[in-house]
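Participant: Below are the sequence and a predicted model for it; my questions follow.
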Amino acid sequence: MKFGKTIETNAKELPEEWQPYLIQYKLLKKNIKNIVQELDNTFKNLNIAPPTFLGDSDDASESTPDGGTDAHSIAESSSTAGQAPMEFAGVPEEIAYNIEKDSDGLVHPVITVKIRRLPAHQQQQQHTQVVELLTVAGLPENTSVILQSDGSSDTAPITISTTEPAATELGDKSNTIACADDSASNSLTVETQSDAEETQVTVRLKADQQFFDQLIEYIERMRQFEQRYTKAYNTNVDHLSTELATVTSPYKQDYQVWREIFRLYTDAQVWNRAHGDTRLSSTAREGQERFNKFARHIESLGLAQRFQNPMSARVLMSFYKLNLELTHMKLLQEMNEEATRKIIKKHDKRTHLVAKTQFPRLITIDTTSLTRALLFTIYTDLVGIVPQIDDYLCPMCLNIAWRPLRLECSHVFCSRCVVKASKRRMFNCPVCRSKNAVYRASISNIDQSLLNFLRLYFPKEIKERQRDIQRDISEEEAQMMVVHDRSGPCIIM
């Protein structure tokens with residue numbers, strides 16, 4: 001499927017009010033044809049082949065997919081009847097294409113052609129560097145051609161405009177040829193120095209300028225939309241966070257259900273592939289598939305039906321909507337980035353002007369910063385409201401750190417593991433190896449605030465842990481009372 005059709009298909013998945021912020025790929029593609037035509041006319045009248053060697057050699061030999069003609073194929077066609085080209089008494093030495101950025105942030109594509117002067121016996125007129133134009137009817141209107149001699153001359157650059165006639169008076173040290181066609185509406189007067197060794201021609205194509213202006217306008221429009229959407233998104237998250245804090249209170253009946261929902265959401269790794277990593281590592285399609293799988297899992301478990309408070313169901317739907325909008329934003333950014341990359345590639349292929357290495361340095365589309373910030377907001381302001389047991393596990397037994405002991409190195413363990421480690425003469429911290437951190441621990445090291453927090457938010461897990469500890473202590477006491485060796489003879493008898 002062609003990329004233009006792909007954009008139209010994917011655009012249907014976006015909200016209708018978001019679709020105007022897509023880059024209009026087909027419209028930009030049509031503008032490239034105007035660039036090729038203007039480029040061909042300009043270089044044909046300068047009697048210089050269009051810059052086919054600036055593009056990729058493989059691309060130059062390929063035909064365009066839409067059956068059109070590129071700059072290379074047009075250059076090989078014959079000149080228009082009744083139209084003679086501009087002829088230089090020299091050969092093109094260098095053709096360069098640059099995209100400049102001014103102080104106002106606007107970009108300007110410029111083509112620069114350096115023409116080397118021929119030996120005197122090969123010039124059509126001795127001691128004179130000739131620029132001849134019998135007609136400029138083929139040059140597009142408003143095309144600027146700037147001639148500059150790079151020699152010992154002090155003459156300023158000369159601008160040739162196709163919009164109005166020009167006239168120049170001769171000096172003693174220069175030769176001027178003024179050419180005009182009676183049938184043409186334009187006339188030119190060109191002045192060059194006879195001692196010039198090199199002439200520089202600067203061409204600014206109007207169609208090329210319009211192409212980049214339109215592309216940048218689409219990108220800027222997208223950025224303004226992202227800024228407005230970010231404000232609205234943060235407002236919705238703040239409102240949802242307030243409602244979520246109400247329904248997920250540990251004193252409410254829906255707390256355990258919400259804790260299970262957010263645990264499954266974290267395990268689903270909708271946007272990130274590592275637990276606790278909020279960097280986006282999934283495409284829009286991958287994220288959408290994972291979120292749909294998560295939603296189906298919630299439905300299959302019947303968690304939504306276990307809500308006691310009707311407000312919880314509304315909050316869950318709002319949470320789903322935020323994730324769906326995040327998917328749409330990611331898809332919109334990916335489509336615009338791909339459209340920009342492909343249209344620049346097509347621009348280079350059709351015109352053989354290399355912009356793919358210059359344009360990204362001037363204008364970039366960031367597809368990760370905004371969605372990463374929105375994802376971070378979801379995790380911190382919504383998912384983070386409900387504590388998860390994985391954040392309060394003892395590093396030694398991997399159970400909830402009941403009666404948490406905070407060592408002098410700030411690492412937290414359950415008191416049972418600290419007692420066991422001390423009996424086994426493991427006096428250093430098991431995590432950071434802080435010397436004698438376990439040996440110096442006492443009942444004063446119990447973190448009372450954390451203990452109260454665990455008792456409030458994890459009552460079921462604490463009861464299970466207490467039973468496990470009591471069972472472990474009973475087994476140790478039973479082992480101490482068992483006689484291990486009965487094989488020896490009775491010492492009494």
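Facilitator: Thanks, I have it.

Participant: ok, which stretches of this structure are helices?
Facilitator: 3-11, 25-45, 57-60, 71-76, 206-247, 255-268, 284-301, 310-351, 359-362, 369-381, 415-423, 448-457, 459-481 (DSSP state H).

Participant: right, and Lys346 touches Lys29 too?
Facilitator: Yes - contact status for Lys346 versus Lys29: in contact at 6.5 Å, counting by CB atoms under 8 Å. The way it works is simple: take the backbone N, C-alpha and C, and place the C-beta from them, glycine included.

Participant: how about the helices of the chain, which one is nearest Ser103?
Facilitator: For Ser103, the closest of the helices of the chain is helix 359-362, at 13.3 Å, according to CB to CB.

Participant: Give the buried residues for the closest one.
Facilitator: Under the neighbour-count criterion of 16 or more other CB atoms under 10 Å, helix 359-362 has Phe359 buried.

Participant: looking only at pLDDT, what's the mean for it?
Facilitator: The pLDDT scores in helix 359-362 average 82.

Participant: likewise stretch 307-319?
Facilitator: Averaging pLDDT along stretch 307-319 gives 94.

Participant: quick one: contacts of it?
Facilitator: Here stretch 307-319 makes contact (CB atoms under 8 Å, 6 or more residues apart in numbering) with 236, 240, 243-244, 246-247, 252-254, 257-258, 261, 304, 382.

Participant: Show me which of those residues is closest to Arg341.
Facilitator: Looking across the contacts of stretch 307-319 and measuring by CB to CB, the closest to Arg341 is Asn236, at 31.7 Å.

Participant: Farthest-apart pair in the contacts of stretch 307-319, please.
Facilitator: Between any two of the contacts of stretch 307-319 (CB to CB), the greatest distance is 26.0 Å, for Asn236 and Gln253.

Participant: Next one: Gln224 from Thr340, what distance?
Facilitator: Distance of Gln224 to Thr340, computed by CB to CB, to the nearest Å: 17 Å.

Participant: now swap in Pro250 and tell me
Facilitator: 49 Å.

Participant: So if I had to pick from these two, which one is more boxed in?
Facilitator: Comparing Pro250 with Thr340 by other CB atoms under 10 Å, the one with more neighbours is Thr340, at 21 against 14.

Participant: on that earlier part again, so which of the helices of the chain is nearest Lys435?
Facilitator: helix 415-423 (13.9 Å).

Participant: residues in contact with that closest one?
Facilitator: Residues contacting helix 415-423 (CB under 8 Å, 6+ apart): 394, 396-397, 402-405, 407, 413, 427, 430, 438-439, 441, 446, 469, 472.

Participant: Put the buried members of those into a ChimeraX selection.
Facilitator: Restricted to buried positions by 16+ other CB under 10 Å, the ChimeraX selection for those reads:
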select :394,396,397,402,403,404,405,407,413,430,438,441,469
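
Participant: re the thing from before, quick one: buried ones out of the contacts of stretch 307-319?
Facilitator: Leu240, Leu244, Val247, Lys252, Asp254, Val257, Trp258, Ile261, Leu382.

Participant: Going by neighbour count, list what's buried in stretch 375-394.
Facilitator: For stretch 375-394, by 16+ other CB under 10 Å, it's Leu375, Thr377, Ile378, Tyr379, Asp381, Leu382, Val383, Val386, Pro387, Tyr392, Cys394.

Participant: got the contact list for that stretch?
Facilitator: By CB under 8 Å, 6+ apart, stretch 375-394 touches 233-234, 237-238, 240-241, 244-245, 248, 255, 258-259, 262-263, 265-266, 271-272, 278, 280, 319, 322-323, 326, 399-401, 412-414, 417, 450, 453-454, 457-458, 461.

Participant: All set now, cheers.
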